Structure formats: C-alpha cells, structure tokens
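Undergrad: Give me coordinates for this.
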Amino acid sequence: MDEISGDGIIIIDGKNVDQVYYWLTISPEPGDVIAEGSITGSEALMRKVKNARSTKLVLMDGPTVMIRCEGGHNGVRWVRAMRASG
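TA: Residues are numbered from 1 along each chain as shown. Prediction:
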C-alpha cells in the first residue's frame, strides 16, 4: 500500500487555520475515499476540525483534499480524505 506523510495546512470553512502533520494510506479501490489515516495537531485545532462544516487539507506536495473526521483524541484524529471540489 502506498503511504504519504508530511506537513499540511488545514482549511476550515474556507479559512487557512494551522499546520498539521498527516499520515495517509492511499485507497487501493476507486471511489469517493482516496485515502485514510491520521492528522496530528493541537487538541484545540483537532476539535475545530471535528466540529467544522467543511475541512480541507492542503498536502505538502500541493494537492488539496476534503477530510472527514472519524474519531480520535489527544491531538490525533483519524480521517478519510476525498477529492476536493473547487
């Protein structure tokens, strides 16, 4: 399985918020979910990610993905990444 990791920027409800570390495994199957893994940052930021209407992650190499929080605590959140529109 292919994995990607690095520092990215979180965009919550259209505003650049903060930097996070991400570790994602690329999905081997085509579909809505392109990767799954974790993001790491301050717990306060992770709470904002969980409660946001729209959250995007700008990856280190430039692509932007939409993320959905699937749980976690203590500054780590498990996420699913989908293709970002717009």
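
Undergrad: ok, the closest residue to residue 32 other than its chain neighbours - contacts?
TA: In space, residue 32 comes closest to residue 82 once its chain neighbours are excluded; the distance is 5.4 Å by CB to CB, 6 or more residues apart in numbering. For glycine as for every other residue, the C-beta is placed from the backbone atoms N, C-alpha and C. Contacts for residue 82 (CB atoms under 8 Å, 6 or more residues apart in numbering) come out as 32, 33, 34, 65, 66, 67, 68.

Undergrad: Which single one of the residues you listed is nearest to residue 56?
TA: residue 66 (5.6 Å; CB to CB).

Undergrad: Could you give the bridge partners of that closest one?
TA: With DSSP bridges applied, residue 66 shows beta-bridge pairing to residue 56, residue 82.

Undergrad: That one against residue 55, yeah?
TA: Yes: the criterion here is CB atoms under 8 Å, and residue 66 meets it with residue 55 at 7.1 Å.

Undergrad: Give me the nearest residue to residue 53, chain neighbours excluded.
TA: Among residues not flanking residue 53 along the chain, residue 13 sits closest, at 5.8 Å (CB to CB, 6+ apart).

Undergrad: Can you list the buried residues in stretch 55-63?
TA: For stretch 55-63, the neighbour count (16 or more other CB atoms under 10 Å) marks 55, 56, 57, 58, 59 as buried.

Undergrad: can you give me the helices for the protein?
TA: 43-51 (DSSP state H).

Undergrad: sorry, back to before: let's have the contacts of residue 82 in JSON lines, adding pLDDT.
TA: Output for the contacts of residue 82, formatted as JSON lines (pLDDT from 0 to 100):
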{"residue": "32", "pLDDT": "89"}
{"residue": "33", "pLDDT": "93"}
{"residue": "34", "pLDDT": "93"}
{"residue": "65", "pLDDT": "94"}
{"residue": "66", "pLDDT": "96"}
{"residue": "67", "pLDDT": "96"}
{"residue": "68", "pLDDT": "94"}
